[in-house]
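K.L.:
the following block contains a protein sequence and its predicted model.
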Amino acid sequence: MGDRGQVELVMSEGSIFLYTHWGAEGLPWVVAKALDRGRSRWDDDEYLNRIIFSQMIKDEVMEETGYGISLGERGDTWRLVRVDYNDSTITVVDNGHSGPELTFDEFVSIYGN
């Protein structure tokens, strides 16, 4: 078992998916913390991608398991946090059901604590 989830980073060229084996429940708060810390990079997806992944793995950076990076969505995750740089919005998708589309500011305001 696990608590599997992904962060989808949607860019004009396509998407990258960041995977967590144990942290799906807390993903919105992790992404909000990264966005808040990376405010000056909201218009620079390459840097913000790294900031988000660094926030995800910060306590386990040297581990061999627990996190991954791919070009596709996994079938065994229950939570997806979609960060769309094309329109600067974030959507949390739980078990295939999408929540509201929020601006970066709205998302940090809701999940930033």
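P.N.:
Cool, got the structure. Residues are numbered from 1 along each chain as shown.
K.L.:
what about D84, distance to G66?
P.N.:
25 Å (C-beta to C-beta, to the nearest Å). (C-beta placed from N, C-alpha, C; glycine too.)
K.L.:
likewise G96?
P.N.:
Remark: distance between G96 and G66 (C-beta to C-beta) = 24 Å.
K.L.:
comparing those two, which shows the higher neighbour count?
P.N.:
Taking other C-beta atoms under 10 Å, G96 and G66 do not tie; G66 has more neighbours (15 against 7).
K.L.:
which residue is the nearest non-sequential neighbour of the more buried one?
P.N.:
In space, and not counting its chain neighbours, G66 is closest to H21: 5.0 Å by C-beta to C-beta, 6 or more residues apart in numbering.
K.L.:
need the strands for the protein, in chain order.
P.N.:
Counting by DSSP state E, the chain has strands at residues 5-11, 14-20, 67-70, 79-84, 89-94, 97-98, 102-103.
K.L.:
angle of the first one against strand 14-20?
P.N.:
Between the axis of strand 5-11 and that of strand 14-20 there is an angle of 160 degrees, by axes from the mean of the first three to the mean of the last three C-alpha atoms, to 10 degrees.
K.L.:
tell me how far strand 5-11 lies from the chain's centre.
P.N.:
Relative to the centre of its chain, strand 5-11 is centred 5 Å away, using C-alpha atoms, centre = their mean, to the nearest Å.
K.L.:
can you list contacts of it?
P.N.:
Strand 5-11 is contacted by residues 15-20, 23-25, 27, 31, 45, 49, 52, 56, 73-74, 77-86 when judged by C-beta atoms under 8 Å, 6 or more residues apart in numbering.
K.L.:
try it again at 7 Å.
P.N.:
Applying C-beta atoms under 7 Å, 6 or more residues apart in numbering, the contact partners of strand 5-11 are 15-20, 23-24, 27, 31, 45, 49, 52, 73-74, 77-86.
K.L.:
what's the answer for the fourth one, then?
P.N.:
Identification of contacts with strand 79-84 by C-beta under 7 Å, 6+ apart yields 5-10, 24, 27-28, 31, 73, 90-94.
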